[in-house]
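Participant: Sequence first, then the predicted structure, then my questions.
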Amino acid sequence: MELKSSKHLVKILPEDVEIQVPSGTALSQVAAMAGIELKSVCDGRGTCGRCAVKVISGSPTLGEGNLSAARRAEGYVLACRSLVAGDLEVEIPAESRLAEHEVLMEDTEERTILTEETLPQAPSYDLKPAVGQHRLTLSEPTLTENASDLARLRAGLSKEAGIQAECTNLDLLQRLPDLLRAGKWQVTARTSPCLPGGADELLDVVSGSDEDLKAYGLAVDIGTTSNVVHLVDLTTGLTVDRAGTYNRQARFGADVITRIIHAVEHDDGLSQLQQAVVGTLSGLISEMTEGNGVNPEDILAVMVAGNTTMAHLFLGIQPRYIRAEPYIPAANEFPMVRAGTLGLPVNPVAPVFTFPAVASYVGGDIVSGVLATGMAESEEISLLIDIGTNGEMVLGNRDWLISCSCSMGPVFEGGGIACGMRAVPGAIQRLRIDPVTYDVKYSTVGGAPVKGVCGSGLIDLLAALHKAEIIDRTGQFQAVSSNRYRKGDNGPEFVLAWGSKEGVGQDIVITEADVKNLMRGKAALYAGIRSMLRSLDLDLDIVENIYIAGGFGNYLHITDAVAIGMLPDIDPDRYRFVGNTSIKGARLALLSRDAWSDALAVAAKMTYLELSAGNTFMDEFMSAMFLPHTDLTLFPNVALS
């Protein structure tokens with residue numbers, strides 16, 4: 001049926017928001033117009049079933065999608081596949097909303113030094129910020145001392161600050177004569193190491209030499225799921241504030257592949273994705289500047305770390321070929337850009353630095369992590385693992401570094417799991433099952449009423465199901481004598497929480513299909529570790545430290561991760577939780593030019609192992625598709641438990 005081009009009124013509950021939209025507008029777009037972000041793993045293809053909304057009145061035009069007959073009978077439709085065809089009233093339930101989730105922001109205490117004490121061999125750097133402020137007193141020109149204003153300024157920088165600087169900013173040059181004379185030849189020059197050959201770039205000049213002139217910077221972690229920003233005083237090195245939230249790109253898909261597809265298949269897709277992440281960061285920046293009384297004009301530098309795709313999308317670079325064999329990014333090193341060019345609410349001339357990547361699936365966040373842990377400066381061989389949609393890892397020491405990435409899928413972020421969700425209030429984060437009674441005990445994020453299960457809870461759950469013999473080593477359910485075990489619409493399932501008892505409307509379950517997805521995710525990570533070691537003909541015993549990085553890793557139970565064969569069965573003392581090393585490394589590079597130089601050297605030094613080349617990874621993956629593994633000698637402590 002051809003829809004008319006007239007506009008219709010859509011009322012959204014429980015907000016009671018009314019919006020006029022043209023016929024043919026998807027309900028997911030209507031929600032976005034109302035400022036409501038809906039869950040989406042599939043970028044509007046209707047396959048994930050996460051964006052269900054309830055139609056109270058009216059009849060939208062419906063498309064095909066993954067929604068059960070029971071939910072349809074209750075009046076639910078998929079927002080991404082339902083088009084406005086007349087006036088509507090819809091209710092958006094909490095479980096369909098992209099809620100705030102736990103974001104690991106790090107550094108809960110202020111520090112006057114740059115050493116991260118939680119990292120045993122983290123480097124210490126002198127305070128030499130990415131943008132320097134140099135107070136100068138210049139000689140006044142005369143008939144006999146008649147150097148140009150710019151030459152006079154450059155000479156002053158060389159003499160008083162020991163800095164060779166160039167001016168590439170026409171706007172600054174146009175203002176310079178009046179600036180120098182307004183300050184009676186006392187000025188503060190701001191410079192940054194942006195130019196080839198070691199020269200600084202002259203960013204700005206401020207009249208006078210006010211001792212109270214402020215200088216702030218931003219350390220930024222652009223994660224696929226979460227964005228984190230630290231507001232840092234460049235004069236003292238102290239972190240003034242920190243903020244984090246979900247990446248608004250999530251409405252275009254949960255993982256980088258889905259977002260690349262969106263960027264490629266929609267005319268304005270790349271622009272939408274760039275605007276989404278810039279909007280996310282801008283909101284966090286404004287929140288901190290307003291809350292701390294900081295003038296945005298005083299934010300003089302931005303240091304960004306993120307995976308390769310996130311860096312491309314942030315800078316508006318075409319990511320098309322990252323997802324297609326042979327997986328080539330547009331660039332691994334990114335130019336400095338001005339904050340004003342990107343639309344960030346800071347000083348428009350502030351330089352924005354982006355950490356270099358190594359390959360399509362080992363990005364600047366991993367380079368930042370290597371910098372923060374100090375593993376590239378140590379004699380000890382260490383392994384850094386960042387667990388997310390991809391399992392990214394680096395092995396090595398000061399002499400060599402090798403990296404790889406394995407696709408784990410979004411399962412440990414709740415994607416592809418019937419009752420999976422991110423770490424929002426109400427998500428099960430810890431869980432135990434009694435092996436005799438099959439009673440389930442759990443705790444949720446924030447102590448809120450249960451709504452689903454997040455990543456750390458899913459690992460606990462897989463271990464608990466196996467230990468209680470509810471599933472066998474292949475992940476198949478066993479018919480245990482408990483009303484929690486039952487046949488569901490999609491095969492065997494086990495009830496974790498009763499909806500009627502918890503007041504959530506539906507039972508929280510784990511299905512056999514969920515278990516298989518979780519096993520694929522855990523197998524991919526372990527296979528990546530084994531493949532990297534095998535490529536160098538090394539044994540795990542040679543690794544002194546295993547660093548577990550990332551927000552998800554911070555809430556991980558090592559014993560359960562080992563029990564399911566996700567992580568190696570070694571002395572637990574060799575494991576170290578290092579939190580959000582992406583933001584830690586970005587902060588180091590923001591506050592120290594030497595750290596930034598080291599980050600560039602780390603990226604250049606790192607070798608990338610492509611796991612899709614050859615059969616090693618697939619062989620290891622198939623062997624790891626058991627609990628904990630086909631080779632139980634690799635897990636002696638699990639076999640004995």
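Facilitator: On my side now, so go ahead. All of these numbers come straight from a predicted model, not from anything done at the bench.
Participant: Could I get the contacting residues of the residue most central in space within the chain?
Facilitator: Residue closest to the average C-alpha location in the chain (Cα atoms, centre = their mean): G223, at 1.4 Å. G223 makes contact with N247, G306, N307, M310, D365, G388, G551, S582 under the criterion Cβ atoms under 8 Å, 6 or more residues apart in numbering. Backbone N, C-alpha and C define where each C-beta goes, glycine included.
Participant: Let's see which of those end up in strands.
Facilitator: Using DSSP state E, the subset of the contacts of G223 located in strands is G306.
Participant: In the contacts of G223, find the pair that's most separated.
Facilitator: The most widely separated members of those, counting by Cβ to Cβ, are M310 and G551 (14.6 Å).
Participant: Can you show me the strands along the stretch 301-450 of the chain?
Facilitator: Assigned by DSSP state E, counting those that start in this stretch, the strands in the stretch 301-450 of the chain fall at 337-338, 351-354, 382-387, 390-396, 401-407, 427-433, 440-444.
Participant: Those: which one's closest to S282?
Facilitator: Closest of the strands of the stretch 301-450 of the chain to S282 is strand 351-354, at 12.8 Å (criterion: Cβ to Cβ).
Participant: The closest one packs against which elements?
Facilitator: Judged by 3 or more Cβ pairs under 8 Å, 6 or more residues apart in numbering; DSSP states H and E, the packing partners of strand 351-354 are strand 299-306, helix 308-315, strand 337-338, helix 339-342.
Participant: So which of the ones you listed has the densest surroundings on average?
Facilitator: With neighbours taken as mean count of other Cβ atoms under 10 Å, the helices and strands packed on strand 351-354 reach their highest mean count in strand 299-306, at a mean of 29.
Participant: Strand partners (parallel or antiparallel) of that strand?
Facilitator: Strand pairing for strand 299-306, using DSSP bridges, gives strand 216-222 (parallel), strand 351-354 (parallel).
Participant: avg pLDDT for the shortest one?
Facilitator: Rounded to a whole number, the mean pLDDT of strand 351-354 is 97.
Participant: before we move on, what about stretch 154-173?
Facilitator: For stretch 154-173, mean pLDDT is 91.
Participant: what about it, how long is it end to end?
Facilitator: End-to-end distance of stretch 154-173 (Cα to Cα, to the nearest Å): 12 Å.
Participant: Relative to R81, how far out is E166?
Facilitator: Here the criterion is Cβ to Cβ, to the nearest Å. By it, E166 lies 55 Å from R81.
Participant: out of those two, which sits in the busier spot?
Facilitator: The residue with more neighbours, out of E166 and R81, is R81; 23 against 15, by other Cβ atoms under 10 Å.
Participant: so what's that one up against?
Facilitator: Counting by Cβ under 8 Å, 6+ apart, R81 touches A26, G44, G46, L62, G63, E64, G65.
Participant: just K605 next, same as before
Facilitator: Applying Cβ under 8 Å, 6+ apart to K605 gives the contacts A376, W400, L401.
Participant: Could you count how many residues lie near the last one?
Facilitator: For L401, the number of neighbouring residues by other Cβ under 10 Å comes to 22.
Participant: Report pLDDT for it.
Facilitator: You'll see L401 listed with a pLDDT of 98.
Participant: How about it: what's its closest non-neighbour residue?
Facilitator: M606 (4.4 Å; Cβ to Cβ, 6 or more residues apart in numbering).
Participant: isn't the one you found right next to I402, touching?
Facilitator: Yes - judged on Cβ atoms under 8 Å, M606 makes contact with I402 at a distance of 7.2 Å.
Participant: So those two - more neighbours on which side?
Facilitator: The neighbour comparison of M606 against I402 (other Cβ under 10 Å) goes to M606, with 22 against 17.
Participant: Next up, the contacts around that one.
Facilitator: Neighbouring residues of M606 by Cβ under 8 Å, 6+ apart: V358, V362, V367, V370, V394, G396, L401, I402, S403.
Participant: Not counting sequence-adjacent ones, nearest residue to P93?
Facilitator: Closest to P93 by Cβ to Cβ, 6+ apart is K54, at 6.7 Å.
Participant: ok, and the most crowded of the contacts of R81?
Facilitator: Of the contacts of R81, with other Cβ under 10 Å as the count, G44 tops at 24 neighbours.
Participant: Tell me the secondary structure at that one.
Facilitator: Per DSSP: H, G, I helix; E, B strand; the rest coil, the local secondary structure of G44 is coil.
Participant: Check what pLDDT it gets.
Facilitator: pLDDT, G44: 74.
Participant: With V53 as the reference, measure out to it.
Facilitator: For G44, the distance to V53 equals 14 Å [Cβ to Cβ].
Participant: M310 too?
Facilitator: Between M310 and V53 the computed distance is 29 Å (Cβ to Cβ).
Participant: ok, residues contacting stretch 328-341?
Facilitator: Contact with stretch 328-341 is made by 192, 194, 299, 302, 308, 311-312, 315, 317-319, 321-322, 346-354, 356-360, 600, 603, as judged by Cβ under 8 Å, 6+ apart.
Participant: now with 7 Å?
Facilitator: Applying Cβ atoms under 7 Å, 6 or more residues apart in numbering, the external contacts of stretch 328-341 come out as 194, 302, 308, 311-312, 315, 317-318, 321-322, 346-354, 356-358, 360.
Participant: Quick check: phi and psi on the residue nearest to the centre of the chain?
Facilitator: phi -90, psi 160 (degrees, to the nearest 10).
Participant: Using a markdown table, please lay out the contacts of R81 together with secondary structure and distance to D537.
Facilitator: Below are the contacts of R81 laid out as a markdown table (DSSP: H, G, I helix; E, B strand; the rest coil; distance: Cβ to Cβ, whole Å):
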| residue | secondary structure | distance to D537 |
| --- | --- | --- |
| A26 | strand | 53 |
| G44 | coil | 46 |
| G46 | coil | 47 |
| L62 | strand | 57 |
| G63 | coil | 53 |
| E64 | coil | 51 |
| G65 | coil | 49 |
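Participant: List just the nearest of these to L284.
Facilitator: Nearest to L284 out of the contacts of R81 is G44 (Cβ to Cβ; 26.0 Å).
Participant: Tell me where the model's unsure across the stretch 151-300 of the chain.
Facilitator: Applying pLDDT under 70 to the stretch 151-300 of the chain flags the ranges 194-197, 209-211.
Participant: And the helices in it, which stretches?
Facilitator: For the stretch 151-300 of the chain, applying DSSP state H, counting those that start in this stretch gives helices covering 170-182, 256-265, 269-292.
Participant: Counting by contacts, list what the shortest one packs against.
Facilitator: Taking 3 or more Cβ pairs under 7 Å, 6 or more residues apart in numbering; DSSP states H and E as contact, the helices and strands that helix 256-265 lies on are helix 269-292, helix 308-315.
Participant: change it to 6 Å
Facilitator: Applying 3 or more Cβ pairs under 6 Å, 6 or more residues apart in numbering; DSSP states H and E, one finds that helix 256-265 contacts helix 269-292.
Participant: what's the helix it packs on in contact with?
Facilitator: Applying Cβ atoms under 6 Å, 6 or more residues apart in numbering, the external contacts of helix 269-292 come out as 227, 229, 231, 240-241, 243, 247-249, 259, 262-263, 296, 313-314, 316, 342-343, 345.
Participant: how about 8 Å then?
Facilitator: Contacts of helix 269-292 (Cβ under 8 Å, 6+ apart): 218, 220, 222, 227, 229, 231, 240-249, 251-252, 259, 262-263, 266, 294-296, 299, 310, 313-316, 318-319, 342-346.
Participant: Put together JSON lines for the contacts of G223, with distance to G528 on each row.
Facilitator: Converted to JSON lines, these look like this (distance: Cβ to Cβ, whole Å):
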{"residue": "N247", "distance to G528": "24"}
{"residue": "G306", "distance to G528": "20"}
{"residue": "N307", "distance to G528": "15"}
{"residue": "M310", "distance to G528": "20"}
{"residue": "D365", "distance to G528": "16"}
{"residue": "G388", "distance to G528": "13"}
{"residue": "G551", "distance to G528": "19"}
{"residue": "S582", "distance to G528": "19"}
